[in-house]
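Participant: Here is a sequence together with a model predicted from it:
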Amino acid sequence: MCSSDLSHIPLVQYFRYAKTEIWQREREHEKASVARERFEFRNLRIERDKQEREAMLAQKRAQLAAQKSDAAAGSDTAPDDKQRAIAEAMARAKARKEALQLEKPSPKSADAGEGGE
């Protein structure tokens, strides 16, 4: 028998077909395995990023709380100074306003006298 005769035997053709089917299944299985690994790695990466973000936010919250407590502890005298400065500025503004009103008569009183006639 010649080798070309063997390719026409149905059993050989069945084997060839079966081998290609097996190889195709193996390739598909390999693709699925790679995709599964990629998916699992992605989920792990997302979870890791989420935990890192939460840790970073917790650290920032702790820093802000520390800053607020430091500011509260250090600002016991600061509000008194601020309030005193504000009160002084308001008193100066009030005095300036009264001085301006005393220097010139109110335009409303002058208009009211003319309009009544």
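Facilitator: Alright, I've got the coordinates.

Participant: burial count for Leu64?
Facilitator: Leu64 has 10 neighbours, counted by other C-beta atoms under 10 Å. Quick note: C-beta positions are derived from backbone N, CA and C, even for glycine.

Participant: Tell me which helix or strand it sits in.
Facilitator: Under the criterion of DSSP states H and E, Leu64 resides in helix 10-74.

Participant: just how off-centre is that helix within its chain?
Facilitator: Helix 10-74 has its C-alpha centroid displaced from the chain centroid by 22 Å (C-alpha atoms, centre = their mean, to the nearest Å).

Participant: Between helix 10-74 and whatever helix or strand comes next after it, find me the angle.
Facilitator: Counting by DSSP H and E, the next helix or strand C-terminal to helix 10-74 is helix 78-103. Taking axes from the mean of the first three to the mean of the last three C-alpha atoms, to 10 degrees, one finds helix 78-103 and helix 10-74 inclined to each other by 60 degrees.

Participant: low-scoring stretches of this protein, by residue?
Facilitator: Along the chain, the parts satisfying pLDDT under 70 run over 1-7, 74-79, 105-117.

Participant: Please repeat the previous calculation with a cut-off of 90.
Facilitator: By pLDDT under 90, the low-scoring segments of the chain are 1-13, 66-82, 97-117.

Participant: any idea how far Glu21 is from Phe15?
Facilitator: 11 Å (C-beta to C-beta, to the nearest Å).

Participant: got it, and Lys68?
Facilitator: The gap separating Lys68 from Glu21 is 70 Å, by C-beta to C-beta.

Participant: now Lys60
Facilitator: 58 Å.

Participant: again, but for Lys82
Facilitator: From Lys82 over to Glu21 the distance is 85 Å, taken as C-beta to C-beta.

Participant: Also Ser33?
Facilitator: Distance from Ser33 to Glu21, by C-beta to C-beta: 19 Å.

Participant: Please apply the same query to Tyr14.
Facilitator: From Tyr14 across to Glu21, the span is 10 Å (C-beta to C-beta).
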